[in-house]
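Trainee: The following block contains a protein sequence and its predicted model.
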Amino acid sequence: MHEATASRLARKLGYDSYAAFRDALRDEFIATRDTATRFEKTIAEGNSDTVLGKLAADEAQALERIEDFIAADQIAEVAEVLMRAGRIFVYGYGNAEVLSLLMIKRFRRFGKDVHKLAADPRGLAEQALGLRAGDAVLTFAFRRAPRAYAALLETARDAGAQTIVISGTSGALLSPAPDHLLAAPRSGDPDAFQTLTVPMTVCNAIVIAAGHTEREESLKKLEHLGQLIERFE
């Protein structure tokens, strides 16, 4: 394939350049790096005197670029889907589990019926059995999709549930594609240690936008929550 053709294809898929597209393909299909190797590369490139400053600079640079990849109306649309959903199911595997717990807690505070999907295949299958139209399934996929990704999205789609994925550079390559994709690169070298700062910022933006979606009702729920906390404590 001619280089110009490959570059046009990469841009159509949402990548800045062919190099970015190639890197995403490598991350998705070639399991060449394990966690220890990535971390070893990170600590080999710096020292303990510079780690905090370099990390802060990398995170700031990645955060400044978020709106190059995710528009404000995408955030608002996802927030509305979650607030309108009859039930919300959240699936986070590996490091993404912390993001799933954040979203579960935040949307429960809005009074939503939120469920954490199991990591093991049998437990996940049992929960997916109850999916129905009007539900929303939120999941995360970064270096590569979780093993259960395709089965979960296909099952949700068959049931008529909306699907939402928060991802990194590999988001455009996910198959099947979700109904709503929020994908932005994380900071640092893709072959090295990467943090969850960017996707966590996306999650927090969704939560704030959700509060705007049903402002009065959300504030009432949070006020009631405060009263319940005082009662239980």
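Mentor: It's in.

Trainee: show me what contacts the spatially most central residue of the chain?
Mentor: Geometric centre of the chain, nearest residue: residue 166, 2.4 Å, by CA atoms, centre = their mean. Counting by CB atoms under 8 Å, 6 or more residues apart in numbering, residue 166 touches 99, 138-141, 182-183, 199, 202-203. C-betas here are computed from N, CA, C, even on glycine.

Trainee: any idea which of the residues you listed is the one closest to residue 155?
Mentor: Using CB to CB, residue 139 is the member of the contacts of residue 166 that lies nearest residue 155, at 11.9 Å.

Trainee: sec struct for the closest one, please.
Mentor: strand (DSSP: H, G, I helix; E, B strand; the rest coil).

Trainee: Quick check: the nearest residue to it once chain neighbours are set aside vs residue 127, distance?
Mentor: Using CB to CB, 6 or more residues apart in numbering and skipping residues adjacent in sequence, the residue nearest residue 139 is residue 91, 4.1 Å away. In this view, residue 91 and residue 127 are 9 Å apart by CB to CB, to the nearest Å.

Trainee: These two: who's more crowded?
Mentor: residue 91 (27 against 17; other CB atoms under 10 Å).

Trainee: Quick check, the more buried one in contact with residue 136.
Mentor: No: contact criterion CB atoms under 8 Å: residue 91 and residue 136 do not qualify, at 11.5 Å.

Trainee: Now do the strands in the chain.
Mentor: 88-91, 114-116, 136-141, 162-167, 180-183 (DSSP state E).

Trainee: Check those for me and report the most buried one.
Mentor: Burial of the strands of the chain is given as mean neighbour count (mean count of other CB atoms under 10 Å); strand 136-141 ranks first at a mean of 27.

Trainee: the inter-axis angle of it versus strand 162-167?
Mentor: Angle, strand 136-141 to strand 162-167, by axes from the mean of the first three to the mean of the last three CA atoms, to 10 degrees: 20 degrees.

Trainee: elements contacting strand 136-141?
Mentor: Contacts defined by 3 or more CB pairs under 8 Å, 6 or more residues apart in numbering; DSSP states H and E place strand 136-141 against helix 72-84, strand 88-91, helix 97-109, helix 149-159, strand 162-167.

Trainee: and the first one with helix 97-109, angle?
Mentor: Which is helix 72-84. Using the same axes, to 10 degrees: helix 72-84 against helix 97-109 is 60 degrees.

Trainee: quick check: mean pLDDT across helix 72-84?
Mentor: With pLDDT averaged residue by residue, helix 72-84 scores 96.

Trainee: what does it contact?
Mentor: Identification of contacts with helix 72-84 by CB under 8 Å, 6+ apart yields 88, 107, 110, 112, 136, 138, 162, 164, 179-180, 182, 202, 205-207, 209-210, 212-214.
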